[in-house]
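Student: here's my sequence, what's the structure:
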Amino acid sequence: MSIALLLALQDTVVEALPQEVTSAAAQAATVAHTGSINYLELMVRASIPVKIIVLLLLVGSFISWVIIFRKARAFKQAGREAEDFENRFWSGADLGKLYSAATDRNRSVTGMEAIFEAGYREFARLRDRRLDGRVQLEGAQRAMRVTFAREVDQLERNLETLANIGSTAPYVGLVGTVFGIMVTMHDMISSGEQAGIASVAPGISEALFATAIGLFVAIPAVWAYNRFTNRVERLSVRYDTFADEFSSILQRQAGADE
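Tutor: Here you go, the predicted structure:
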């Protein structure tokens with residue numbers, strides 16, 4: 001008897017639920033059953049402002065990934081070239097031969113080798129003029145500082161763009177979400193629909209899609225910016241240390257010439 005009464009109460013409660021609640025529950029069950037979201041459909045159904053914002057975010061994502069791949073290749077090459085030149089420099093090779101190899105017109109020098117080439121060229125030029133050893137050393141150090149700054153600037157190129165994309169993309173996506181919710185509310189009021197989960201959920205899901213895209217764009221850009229900034233610092237320390245060590249060698253040569 002009690003079991004029959006409980007079943008009757010359950011049927012009564014289900015029938016008393018609002019139509020939009022039962023409809024939303026059915027939609028939720030359908031989504032849970034399929035286990036996937038049609039992102040292309042969300043994009044197509046989104047309002048014009050949201051589509052424009054998502055398009056801008058996708059363009060920003062494309063730019064950031066191009067920069068990421070290019071900088072990753074550039075840093076890998078810079079590290080390999082620095083390692084190769086240090087091995088040749090500290091192997092006891094003659095500085096004149098190293099300079100001749102650096103000034104070979106068939107290839108361009110960058111990084112540590114460019115710093116060496118600039119310093120040795122200025123040192124040799126001042127030595128040929130038979131100037132004081134201190135003047136020779138100071139001239140070589142100035143040339144190396146200028147080249148060092150130029151090489152570090154080359155390493156840092158486009159990192160600011162990554163930082164800007166990573167810092168602004170979430171906010172741009174949030175603007176798209178706000179626009180989407182505003183459009184959803186306006187359409188719902190204009191059509192006279194009763195506020196409920198079934199009527200609001202589709203518009204909100206489309207609006208939140210912009211925020212998801214913003215995060216998708218920002219996270220790789222921020223991660224790459226932090227990683228590349230660390231690589232710049234490490235290479236800068238490596239270049240600076242080499243310049244100091246090379247200055248010590250030039251100082252000994254300048255003293256020997258006197």
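Student: now do the closest residue to residue 60 other than its chain neighbours: how many residues are near it, please.
Tutor: Closest residue in space to residue 60, ignoring its immediate chain neighbours: residue 165 at 4.9 Å, by C-beta to C-beta, 6 or more residues apart in numbering. In short, each C-beta sits where N, CA and C put it, glycine included. By other C-beta atoms under 10 Å, the residues close to residue 165 number 24.
Student: pretty sure residue 165 sits against residue 64.
Tutor: Yes - with contact defined as C-beta atoms under 8 Å, residue 165 counts as touching residue 64 (4.8 Å).
Student: give me the common contacts of those two.
Tutor: In terms of C-beta atoms under 8 Å, 6 or more residues apart in numbering, residue 165 and residue 64 are both contacted by the residues 217, 221.
Student: and the contacts of stretch 231-238?
Tutor: With contact meaning C-beta under 8 Å, 6+ apart, stretch 231-238 is reached by 75, 78-79, 82, 111-112, 152, 155-156, 159.
Student: ok, back up a step: please give the element, helix or strand, for the residue nearest to residue 60.
Tutor: helix 159-191 (DSSP states H and E).
Student: strands of this protein, residue ranges please.
Tutor: Under the criterion DSSP state E, the chain contains no strands.
Student: contacts only, for the residue nearest to residue 60.
Tutor: Applying C-beta under 8 Å, 6+ apart, we find residue 165 in contact with 60-61, 63-64, 217-218, 221.
Student: any idea how far residue 145 is from residue 72?
Tutor: Residue 72 is 28 Å from residue 145, where distance means C-beta to C-beta, to the nearest Å.
Student: what residues are up against residue 169?
Tutor: Taking C-beta under 8 Å, 6+ apart, we find residue 169 in contact with 57, 60-61, 214-215, 217-218, 221.
Student: number of nearby residues for the nearest residue to residue 117 once chain neighbours are set aside?
Tutor: Leaving aside its sequence neighbours, residue 117 sits nearest to residue 102 (C-beta to C-beta, 6+ apart; 4.0 Å). By the measure other C-beta under 10 Å, the count of residues near residue 102 is 18.
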